[in-house]
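S.K.: Dropping a prediction and its sequence here:
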Amino acid sequence: MPNRDAPLYTPQFLLLCLSHVLFAGSFNMIIPELPAYLSSLGGEEYKGLIIGLFTLTAGLSRPFSGKLSDTVGRMPVMIFGTLVCVVCSLLYPLLSSVAGFLLLRLLHGFSTGFKPTASSAYAADIAPYYRRGEAMGILGVSMNIGSSISPPLGSWLANAYSLDVMFYASSGLALFSIAILLGLDETLKSRQRLGLQSVSISRADIIEPRALAPGVVIALSYLSFGALLTIVPDQSAHLGMANKGFFFTSFTAFSVLSRLVAGRLSDRFGRAPVLKVGLLLSALSLVFMGEAGTPAMLLAASGFLGFSTGIVGPAAFAWVIDRSPDEHRGRALATAYIALEAGIGCGALGSAWLYASNAANFPLTFYWAAAMALAALAYVQLARLRG
């Protein structure tokens, strides 16, 4: 029987989390400034593609990262994903056309297509069986800490110095993340050499069937995040918030608070009850977002939404691991992340279309996202009844 008293917070796990902090900080640092940057290039009508293209590539690369994680190893996949951040952040200052910018966003998406898939599999490998939900929660906390600290820093660097300095700092964070990863040991016991067979994807490699039910919930619940990334920078400016990164700080700080306990609660009480509470709170917080009329209200609403999202994430990903066979853990997590990217991408495109650069449409956009959260809540009940 698995040891219930086995430690989770080992040096190996903590270093993995630190690398995740820096990785998340790298690609999130630049997000608040990208809509205005794209507009300055003459591409205001393409704001929905800032996140949409990024998540498209991330989603398309998941089957490859899942298979490579299960065959070549977790470490090479994590390092490759982080290296993409290093290179892409260095290229933003060099590509100053709308087409070049959009192409770079497409390439940048490979980073989250590879690193989080392998990191989650690595964390599941080293976490005690009875603490998987907690492990997913803390790994999510690491992602959120990076996401919380870096956007205001990125905006400050852009305002105080230049956008180029912000991009170079983003690349530097990713480079430090790689340095930490180089000190970790591989956890995949039976590894294969990298070859054409490693990147040859069959239909069976694309989706892990056991991860589909959690994947539906993940897609519907993370649709709201795509909406946030797309329209909240404009909403912040509309309400007079000078530093657009403060919204993301509030969102992720409260998400950290809930993630610290949500994963552990799902280990104790089950995934479905925790998911239902989180999804209901998400729907309510999205309505609040639509009604926000001052910077203070927007920050409060973002904190409420971050807290709710922090409840949903660990339970959903622990549910994926619970249902997946150990030998296909990477594929199962890749399936879950495909669902996540699909949700974020659809949320970005759908919200950009509903918003249409008209501040009067903020409420409608968030009501739509709230309806999707309620649909996820209904599906949790249906999936649970099906076992």
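M.R.: Looks like it arrived, so ask away.
S.K.: tell me which helix or strand of the chain sits lowest on mean pLDDT?
M.R.: Least confident helix or strand, the chain: helix 203-206 with a mean of 68, by mean pLDDT, DSSP states H and E.
S.K.: Run the chain-centre distance for the helix or strand following that helix.
M.R.: Going down the chain from helix 203-206, the next helix or strand is helix 212-238, by DSSP states H and E. Between the centre of helix 212-238 and the centre of its chain there are 10 Å (CA atoms, centre = their mean, to the nearest Å).
S.K.: mind listing what's buried in helix 212-238?
M.R.: The neighbour-count check on helix 212-238 (16 or more other CB atoms under 10 Å) flags 212-236 as buried. Using the backbone N, CA and C atoms, a C-beta is placed for each residue, glycine as well.
S.K.: try stretch 363-371
M.R.: Quick answer for stretch 363-371 (16+ other CB under 10 Å): 365, 366, 367, 368, 369, 370.
S.K.: what sits up against whichever strand or helix holds the third one?
M.R.: With elements delineated by DSSP H and E, residue 367 resides in helix 362-385, which encompasses its position. Contacts with helix 362-385, where a contact means CB atoms under 8 Å, 6 or more residues apart in numbering, come from 213-214, 216-217, 220-221, 223-224, 227, 231, 235, 238, 272, 275-276, 279-280, 282-284, 286-287, 289-292, 347, 350-351, 354-355.
S.K.: what's the answer for stretch 255-271, then?
M.R.: 130-138, 140-141, 144-145, 148, 274-275, 278, 306-311, 313-316, 318-319, 322.
S.K.: ok, now which ones touch residue 69?
M.R.: By CB under 8 Å, 6+ apart, the neighbours of residue 69 are 77, 117, 118, 121, 188, 329, 330, 333, 334.
S.K.: at 6 Å what do you get?
M.R.: 77, 117, 118, 121, 330 (CB atoms under 6 Å, 6 or more residues apart in numbering).
S.K.: For it, give its distance to residue 342.
M.R.: 19 Å (CB to CB, to the nearest Å).
S.K.: which residues make contact with stretch 76-87 from outside it?
M.R.: 23, 26-27, 65, 68-69, 110-111, 114-115, 118-119, 171, 174-175, 177-178, 181.
S.K.: Any idea how far that stretch is from the middle of the chain?
M.R.: Using CA atoms, centre = their mean, the offset of stretch 76-87 from its chain centre is 16 Å.
S.K.: now swap in stretch 140-154 and tell me
M.R.: On CA atoms, centre = their mean, the centre of stretch 140-154 falls 11 Å from the chain's centre.
S.K.: Roughly how far does residue 316 sit from residue 376?
M.R.: 9 Å.
S.K.: list the residues that contact both of these two?
M.R.: residue 217.
S.K.: Could you look up the SS state of the residue lying closest to residue 234 once chain neighbours are set aside?
M.R.: Take residue 234 and drop its neighbours on the chain: the residue closest to it by CB to CB, 6 or more residues apart in numbering is residue 35, 6.5 Å away. Put simply, residue 35 is helix when judged by DSSP: H, G, I helix; E, B strand; the rest coil.
S.K.: Can you get me a residue count around residue 35?
M.R.: Residues near residue 35, counting by other CB atoms under 10 Å, number 24.
S.K.: Quick check: it touching residue 231?
M.R.: No - in this structure, residue 35 is not within contact of residue 231 by CB atoms under 6 Å, at 8.8 Å.
S.K.: show me where pLDDT drops low in the stretch 151-300 of the chain?
M.R.: For the stretch 151-300 of the chain, residues meeting the criterion pLDDT under 70 lie at 195-205, 242, 244-245.
S.K.: For it, which segments count as helices?
M.R.: Assigned helices in the stretch 151-300 of the chain, in chain order: 163-181, 203-206, 212-238, 245-269, 271-291, 295-323 (criterion: DSSP state H, counting those that start in this stretch).
S.K.: Can you convert those into JSON lines and add a column each for distance to residue 125?
M.R.: Listed next are the helices of the stretch 151-300 of the chain as JSON lines, based on distance: least, CB to CB, whole Å:
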{"stretch": "helix 163-181", "distance to residue 125": "15"}
{"stretch": "helix 203-206", "distance to residue 125": "20"}
{"stretch": "helix 212-238", "distance to residue 125": "19"}
{"stretch": "helix 245-269", "distance to residue 125": "17"}
{"stretch": "helix 271-291", "distance to residue 125": "20"}
{"stretch": "helix 295-323", "distance to residue 125": "10"}
